[in-house]
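Novice: sequence and predicted model, in that order:
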Amino acid sequence: MKRKKLMKRLAEAKAADVSYASGWDSWKVLDYSDALVLAVSECDYVLDGFRLIPLPEIESLKPRKPIQAEIERYYALYDRLQTPALDLTDWRTALEGLSQRDLLLSVEWRGEDGYFCWRIGRIERVKKHSLILRAFDVNAVWQEPQKIPFDAIHIASFGDRYAEGWKLWFERHPSAAEAKSGIRN
């Protein structure tokens, strides 16, 4: 999608079905810049966390059907939503803002081998051109920090049910996760 057309659609978008390089999702666009889009994900009229996606990754943005918008109004889906205040100038500023919060971040990016990679963890550090993420595995064992270049990121998510479930687990079992990994949380 051409940039000018995309910017116009973003300005008009309330809720939309979005196609991007590595997937498809239903979103309500909350804020955007020339670099990034902040949206809340919605699935079957249930909100499921926030998404940050680089503008060039968006392939299409289709408005929701009128019946969907009517159902969203009926459920007052977005009425209590609190949009996180983030500087969307670029990945560095957005991730620096997120690093100040107690959250888990899911990141999807294209690795050096060309395959898509996905990790969930805590922001360890935000550098000039990359994110240092300390992820954990399926056994809740913390891994060594991993450097992810900003220009490889396709999407970053936070505040979704998956991340919040893991966050709750770590809050209830901090010593178990630390003992297994040897890395303090």
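Specialist: Structure received. Numbering: from 1, shown residues only.
Novice: is it true that L38 touches T83?
Specialist: Yes - counting by C-beta atoms under 8 Å, L38 touches T83, with 7.5 Å between them. All C-beta atoms are positioned from the backbone trio N, CA, C, and that covers glycine.
Novice: quick one, which of the two is more surrounded?
Specialist: Between L38 and T83, counted using other C-beta atoms under 10 Å, the more crowded position is L38 (20 against 13).
Novice: what is in contact with L38 and T83 at once?
Specialist: Taking C-beta atoms under 8 Å, 6 or more residues apart in numbering as the contact rule, the neighbours common to L38 and T83 are L30, D31.
Novice: now do the domain split for the chain, please.
Specialist: The record's domain split for the chain, according to automatic domain parsing, is 1-89, 102-185.
Novice: worst average pLDDT in those domains?
Specialist: Here the lowest mean pLDDT among the domains of the chain goes to domain 1-89, at a mean of 81.
Novice: got the buried residues for the longest helix belonging to the chain?
Specialist: In the chain, assigned by DSSP state H, the helix with the most residues is helix 161-172. For helix 161-172, a neighbour-count test (16 or more other C-beta atoms under 10 Å) marks A163, W166, K167, F170 as buried.
Novice: now do stretch 107-121
Specialist: For stretch 107-121, the buried set under the neighbour-count rule, 16+ other C-beta under 10 Å, comprises V107, E108, W109, R110, R119, I120, G121.
Novice: and what of stretch 32-52?
Specialist: 32-33, 35-42, 47-52.
Novice: any idea how far it is from the chain center?
Specialist: What separates the centre of stretch 32-52 from the centre of its chain is 7 Å, taken as C-alpha atoms, centre = their mean, to the nearest Å.
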